[in-house]
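Q: Sequence and predicted model, in that order:
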Amino acid sequence: MTRPALLCLAFAAAVALAPAADDGYKPLFNGTDLTGWVNVNCHPSTFFVKDGEIVTTGKPTGYLRTDRQYENFELEMDWMHVNKTEVGNSGLFVWGDPIPAVGTGYTRGIEVQVLVNLEYKDKMGRVTATSHGDLFSIWGAKCVPDRPHPSGSERCLPSENRAKGGGEWNHYKVIANDGVIKLHVNGKEVSGVSRCTPRKGYLALESEGAECHFKNIKIKELPSTNPKPEECAKPDEGFKSIFNGLDLAGWKTEAGAWKASNGHLRAAGKADLVSDKTYRRVELLFDCKMPAMSKAEWSVRFGTNQTVAVANTDINARGKWNRVVMTVDKEGVSQTLNGRPQPKSGAVPDPGPIVFKPAEGLEVMNVFVRELK
C-alpha cells in the first residue's frame, strides 16, 4: 500500500473515532420512562413508554406536558399514527398552561397538528384543515398565520402536502422564537404563525381519540427574548387531577348514579359522589355545567359538616361551562366563579372527603386539588 493510501486510511480512522459535534440538542424524552413529563388529566394508562416510544391510547382526551416551561427553542420529533384508514388525531401543544382551559380537556396554547386521513372542506369547497402540518391557536391563545386562512381563522395551512399517512413515521422540526413558530414537515418548512400569545409555556403531547406514537424527541433552547408576564403561560400552582377521565377510580357512589367517560362526570341525580381520600386544608378546582333550562340546585360538601352551594345555581350561568375554585382554610370556605368572588362560608369543615351533591343533568370535568399547608 502506498504512503498516500496509508495517510488516507489513518485520517478516515481518526474522523470515525472523533466525538460527535455538540449540536446543542438535548433529549426531551429519555426513551425509558416519562421522567420530565406530567400526566395532566388522563388515566394512568393513557400515556406510556414502549420500545423507546411515548404512546398515547387517545382515551380520554387530555395531555401530557413537560415539567417546566420553555420559551425559545428548536424541537425535533418523529410521530406515527396507527390508523391507516380512519382519522387519527393528536398534536403537539406549544406554550401551554399547566392545567386545561375551562370546559375542555386541552390547554390554551398553539397547536402543531399531528393528524392523518383527514382533509376538511367548507361548504364552498375550500380546504380549511389538513393532515400535513397545520398550526393554529386554541382555547384563548392568539396568533397570526403566515397565510390568510380561507375562513379567517387563526390557522396556517401548509404550503404543500408532505406528511405520510397512518402506519408511517413523520419527522417534525418546530422552531419557536420570540412569538414566531415555523414547522418543518419531513425536511421542509411548510407553515408558520407569528405574534403568538402566550410565547412562553409548557410543551405537551395530546391525547385525542386515536393511538399515536412519538420518539426521538429532542430540544435545543435558544436565547430569551424577554417576554412580558402577560405573554407567558400560567405557572404550575401545584394542582393535581383527582379524576382520571375514564372511570370512577378514587371515588365512591351508588351504582348508576354517576357516569364517567372521556373526561366527563355526569350525574343522574341519584346519589353523592364521594372521594376516597380525605382532606383538611385544600383548594378544589373544577368545571361544571347544568342544562340551560334546569332550575335544580346542587352543592359540594367538605368533610362532614360543611356544605357549600355552588355558585352556578345562578340561572344565568346554566347551559355553559363554569370554573369554580373553592378554598378550605382555617377561616372557612371561600369560592370564585369564573374568577369572580362569591359569598363566603365561615364555618371550618372537619377533615373528610370531597362530596359532589348531584342534580339531574349535572356535568363536571377538570377536577383538581391543591393541598394547602
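A: It's in.
Q: quick one: pLDDT of the closest residue to R147 other than its chain neighbours?
A: Nearest non-adjacent residue to R147, counting by Cβ to Cβ, 6 or more residues apart in numbering: C156, 6.1 Å away. Any C-beta I mention is one placed from the backbone N, CA and C, and that applies to glycine too. Predicted confidence (pLDDT) for C156: 98.
Q: before we move on, what about the one 4 residues further on?
A: E160 is assigned 96 on the pLDDT scale.
Q: element containing the closest residue to it other than its chain neighbours?
A: The shortest distance from E160 to any residue other than its chain neighbours is 5.9 Å, reached at V190 (Cβ to Cβ, 6+ apart). Assignment of secondary structure by DSSP states H and E places V190 within strand 188-197.
Q: just to revisit the earlier point, from T130, how far off is the residue nearest to E160?
A: In this structure, V190 lies at 10 Å from T130, with Cβ to Cβ, to the nearest Å as the measure.
Q: Domain boundaries for this protein, per the record?
A: Split into domains by automatic domain parsing, the chain comes to 23-234, 241-371.
Q: shouldn't T104 be in contact with D97?
A: No - taking Cβ atoms under 8 Å as the contact criterion, T104 and D97 are not neighbours in contact, 11.3 Å apart.
Q: Which of the two has more residues huddled nearby?
A: In this comparison of T104 against D97, neighbours counted by other Cβ atoms under 10 Å, the higher total goes to D97 at 26 against 18.
Q: Now do the same contact list for the more buried one.
A: Under the criterion of Cβ atoms under 8 Å, 6 or more residues apart in numbering, the neighbours of D97 are T107, R108, G109, P198, G201, Y202, A233, K234.
Q: Columns neighbour count, secondary structure and distance to W37 on top of those, output as TSV?
A: Putting the contacts of D97 into TSV (neighbours: other Cβ atoms under 10 Å; DSSP: H, G, I helix; E, B strand; the rest coil; distance: Cβ to Cβ, whole Å) gives the following:
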residue	neighbour count	secondary structure	distance to W37
T107	31	coil	14
R108	24	coil	19
G109	30	strand	16
P198	26	coil	20
G201	29	strand	15
Y202	26	strand	10
A233	23	coil	16
K234	15	coil	18
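Q: per-residue confidence for P351?
A: Among the per-residue scores, P351 shows a pLDDT of 85.
Q: Ignore what I typed, I meant N312.
A: The predicted local distance difference test score for N312 is 52.
Q: going forward can the numbers begin at 27, since that is how I track them
A: From this message on, residue numbering opens at 27, which makes the last subject N338.
Q: that older thread, worst mean pLDDT among the domains of the chain?
A: The stretch with the lowest mean pLDDT among these is domain 267-397, at a mean of 88.
Q: Spatially nearest residue to E215, not counting backbone neighbours?
A: Taking Cβ to Cβ, 6+ apart as the measure, E215 lies nearest to K208, with 5.5 Å between them; neighbours along the chain are not counted.
Q: what are the bridge partners for the one you found, then?
A: As for beta bridges, K208 partners with I201, G218 under DSSP bridges.
Q: Identify the residues contacting G166.
A: When contacts are taken as Cβ under 8 Å, 6+ apart, G166 is in contact with A127, R134.
Q: make it 10 Å
A: With contact set as Cβ atoms under 10 Å, 6 or more residues apart in numbering, G166 has these partners: D123, A127, V128, T130, T133, R134, G135, T223, P224.
Q: now E100
A: The neighbours of E100, taking Cβ under 10 Å, 6+ apart as the test, are 49-51, 199-203, 208, 210, 244-248.
Q: Quick check: it is in a helix.
A: No - secondary structure of E100, determined by DSSP: H, G, I helix; E, B strand; the rest coil: strand, with no helix assignment.
Q: Which neighbours in the sheet does the helix or strand containing T154 have, and how are they oriented?
A: Taking DSSP H and E as the criterion, T154 maps to strand 153-155. Each strand that strand 153-155 pairs with, and the sense of that pairing, follows from DSSP bridges: strand 146-147 (antiparallel).
Q: middle-most residue in this structure, spatially?
A: Y89 (3.5 Å; Cα atoms, centre = their mean).
Q: how about that one, secondary structure?
A: Counting by three-state DSSP, the backbone at Y89 sits in strand.
Q: Does it touch A127 like I think?
A: No - with contact defined as Cβ atoms under 10 Å, Y89 does not reach A127; the gap is 11.2 Å.
Q: Tell me the residues that contact both of the two, please.
A: Residues within reach of Y89 and of A127 at once, by Cβ under 10 Å, 6+ apart, are T133, G135.
Q: neighbours around the residue nearest to E112 when sequence neighbours are not counted, how many?
A: With Cβ to Cβ, 6+ apart as the criterion, E112 has its nearest non-adjacent residue at 6.4 Å, and that residue is N143. A count of neighbours around N143, defined by other Cβ under 10 Å, yields 16.
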